[in-house]
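Engineer: I need the structure of the sequence given here:
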Amino acid sequence: MTEKIHQTLRDSKAARWTALGVVAFTMLCGYFLTDVMAPLKPMLEEELLWSSTEYGIFTSAYGWFNVFLLMLIFGGIILDKMGVRFTGLGACTLMVVGCLVKYSAISGLIPLEGTVIAGMKGQVVVAALGYALFGVGVEVAGITVSKILVKWFKGYELALAMGLQMATARLGTMLALSISAPVARYFHDVSAPILLCLVMLCIGLIAFLVYTVMDRRLEASIGREEKSADDQFRMSDIVLIVRNRGFWLIALLCVLFYSAVFPFLKYATDLMINKYEVSPDLAGIIPSLLPLGTLFLTPFFGNLYDRRGKGATIMLIGAVMLIGVHVLFALPILNYWWFATLIMIVLGIAFSLVPSAMWPSVPKIIPEKQLGTAYALIFWVQNWGLMGVPALIGWVLDRFCKLGGEGQPAYDYTLPMVIFACFGVLALIVALMLKAENRKKGYGLEEANIKKS
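Structural biologist: Numbers count the residues shown, from 1 in each chain. Purely as a prediction, here's the structure:
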């Protein structure tokens, strides 16, 4: 009896990695817009007269629709019901539309000068609404891509694939942090980088259209034998997910860890200017080292998890490093650009450790038919942090940290960095609880992902 070498399309290495490359590029385009405004905060204050509070409100808009309108949860249910092709194309379209609204507000394409909406500048409100719409698209795209990778890589190099996808997405963050300010200054237009984002998102949409062809071929190769009635998602599965203690520990670790990283990146350029006296044109380069480091380290740690295991331990180490980084940023010592660079590199290592183990651990806790909804619920919890923390930091800066005297920096960032360090401490506690739960329930978080025949 001879053995079939390529029983399904996903058994082909070339097909698996090609699918990864296509969807990872789409996420790169999305993450470029996610962080494109971070280096522009000083320009927004100078040219458009935004305050830190208004910038914080705008940044918090990313999670408005996802959190309050439950769009992420609906997106996860649609994903499990309708599949990755329908959901992914809808998400990519939302990203393009949201970016267009945001660009129209910032560029003045929509005349909003002097308008006030809900007590705020009309420009801030409309830009925030566009960003909120984009936030729905990019987060639903994120859970769709996660399910796509499980679909192609389960039993193979799943953590490595997820690590490479995250690394590619972080490349979008790195580009946003490093080139946004130079592009805006070159064109003398703070909206120019957003227009570049719009073009990239349109290309990303085209890339996902290419993937849909591959997905049809994959499902044709899988055939009916893998699509039994037991594999169909039911609404009652949501109850099973939320009653799972391991799910909640992963979700809490996610929101606490990312609340200490992504909102920090929104203010990191301003931190470099105010504390470390880096030129505004160059200040975004130091934060861009964080995603640059993840390009290499996230796949490395993902590959380690695939082959050696120790996922819970990896997450624990990352949480400890996160605390150390924010404490060093808070301390009034060594206010030199080279010291900030070293700390940012360490943060990049921590930022590689936790996600490389966290996302591939979800399929060990949740059945595959529930994965779309499970990832959506985790992203929904995460969006509370991505929405609330930037607004909190902006309010804290205006209320308690504003200096602005002659020859002084505009803000003292000590208190915001202490807040970020507190999130790291809470993340460490949850990581310890997750490791204990893994020992109790036997999820296999310390075991390798690649199954040896």
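Engineer: which residues of the stretch 51-200 of the chain fall in helices?
Structural biologist: In the stretch 51-200 of the chain, the helices defined using DSSP state H, counting those that start in this stretch lie at 52-60, 64-68, 71-82, 84-107, 122-153, 158-186, 192-222.
Engineer: let me know the pLDDT of Q7.
Structural biologist: pLDDT for Q7: 64.
Engineer: before we move on, what about G407?
Structural biologist: 64.
Engineer: chain neighbours aside, what residue packs nearest to N303?
Structural biologist: Nearest non-adjacent residue to N303, counting by C-beta to C-beta, 6 or more residues apart in numbering: L160, 4.5 Å away. From N, CA and C alone the C-beta is placed, and that goes for glycine too.
Engineer: wait, what's in contact with the one you found?
Structural biologist: 299, 302-303, 306 (C-beta atoms under 8 Å, 6 or more residues apart in numbering).
Engineer: quick check: buried residues in stretch 290-304?
Structural biologist: Judged by neighbour count (16 or more other C-beta atoms under 10 Å), stretch 290-304 contains these buried residues: 290-295, 297-304.
Engineer: what helix or strand is the closest residue to P287 other than its chain neighbours located in?
Structural biologist: Distances taken as C-beta to C-beta, 6+ apart place A268 nearest to P287, at 3.8 Å, with adjacent residues excluded. Using DSSP states H and E, A268 maps to helix 262-274.
Engineer: what's the spacing between the residue nearest to A427 when sequence neighbours are not counted and V145?
Structural biologist: Residue nearest to A427 in three dimensions, not counting chain neighbours: L256, with 3.9 Å by C-beta to C-beta, 6+ apart. Here the distance between L256 and V145 works out to 23 Å (C-beta to C-beta, to the nearest Å).
Engineer: again with I206
Structural biologist: 16 Å.
Engineer: please apply the same query to I419.
Structural biologist: 31 Å.
Engineer: so between those two, which is more surrounded?
Structural biologist: Higher neighbour count among I419 and V145: V145, with 26 against 18, using other C-beta atoms under 10 Å.
Engineer: just the element for the residue lying closest to the more buried one once chain neighbours are set aside, please.
Structural biologist: Closest residue in space to V145, ignoring its immediate chain neighbours: V23 at 4.8 Å, by C-beta to C-beta, 6+ apart. Applying DSSP H and E as the criterion places V23 in helix 13-34.
Engineer: so what secondary structure elements neighbour that helix?
Structural biologist: Taking 3 or more C-beta pairs under 8 Å, 6 or more residues apart in numbering; DSSP states H and E as contact, the helices and strands that helix 13-34 lies on are helix 84-107, helix 122-153, helix 158-186, helix 192-222.
Engineer: before we move on, the earlier item: residue contacts, the residue nearest to A427?
Structural biologist: Taking C-beta under 8 Å, 6+ apart as the contact definition, L256 lies against 385, 423-424, 426-427, 430.
Engineer: try 6 Å this time
Structural biologist: The contact partners of L256, by C-beta atoms under 6 Å, 6 or more residues apart in numbering, come to 423, 426-427.
Engineer: for C422, same thing?
Structural biologist: No contacts exist for C422 under C-beta under 6 Å, 6+ apart.
Engineer: name the helix or strand for it, please.
Structural biologist: Element membership for C422 (DSSP H and E) is helix 414-441.
Engineer: any buried residues in that helix, and which?
Structural biologist: 416-417, 419-421, 423-428, 430-431, 433-435, 437-438.
Engineer: what's the answer for stretch 33-45, then?
Structural biologist: For stretch 33-45, by 16+ other C-beta under 10 Å, it's 33-45.
Engineer: which of the contacts of L160 fall in helices?
Structural biologist: Per DSSP state H, helices hold the following members of the contacts of L160: 299, 302-303, 306.
Engineer: hmm, who's touching stretch 45-65?
Structural biologist: Taking C-beta under 6 Å, 6+ apart as the rule, stretch 45-65 contacts 41, 44, 71, 124, 127-128, 131-132, 135-136, 190, 266, 383, 386-387, 390-391, 394-395, 397-398.
Engineer: before we move on, back to that, and of the buried residues of stretch 33-45, the nearest to G90?
Structural biologist: L33 (17.3 Å; C-beta to C-beta).
Engineer: what sits against the residue nearest to that closest one when sequence neighbours are not counted?
Structural biologist: Of all residues not flanking L33 in the chain, C197 sits nearest, at 4.0 Å (C-beta to C-beta, 6+ apart). Contact partners of C197, counting by C-beta under 6 Å, 6+ apart, are 32-33, 36, 99.
Engineer: could you dump those residues into a markdown table with distance to I77 added?
Structural biologist: What follows is the contacts of C197, written out as a markdown table (distance: C-beta to C-beta, whole Å):
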| residue | distance to I77 |
| --- | --- |
| F32 | 28 |
| L33 | 25 |
| V36 | 30 |
| C99 | 25 |
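Engineer: from these, pick the one nearest L334.
Structural biologist: V36 (29.9 Å).
Engineer: for G172, see how far away that closest one is.
Structural biologist: Distance, V36 to G172, using C-beta to C-beta: 9 Å.
Engineer: what do you get for S104?
Structural biologist: S104 is 22 Å from G172, by C-beta to C-beta.
Engineer: cool, W384 as well?
Structural biologist: For W384 relative to G172 (C-beta to C-beta), the value is 23 Å.
Engineer: per-residue pLDDT of the closest residue to T168 other than its chain neighbours, please?
Structural biologist: Leaving aside its chain neighbours, T168 sits nearest to A24 (3.9 Å; criterion: C-beta to C-beta, 6+ apart). As predicted, A24 sits at a pLDDT of 94.
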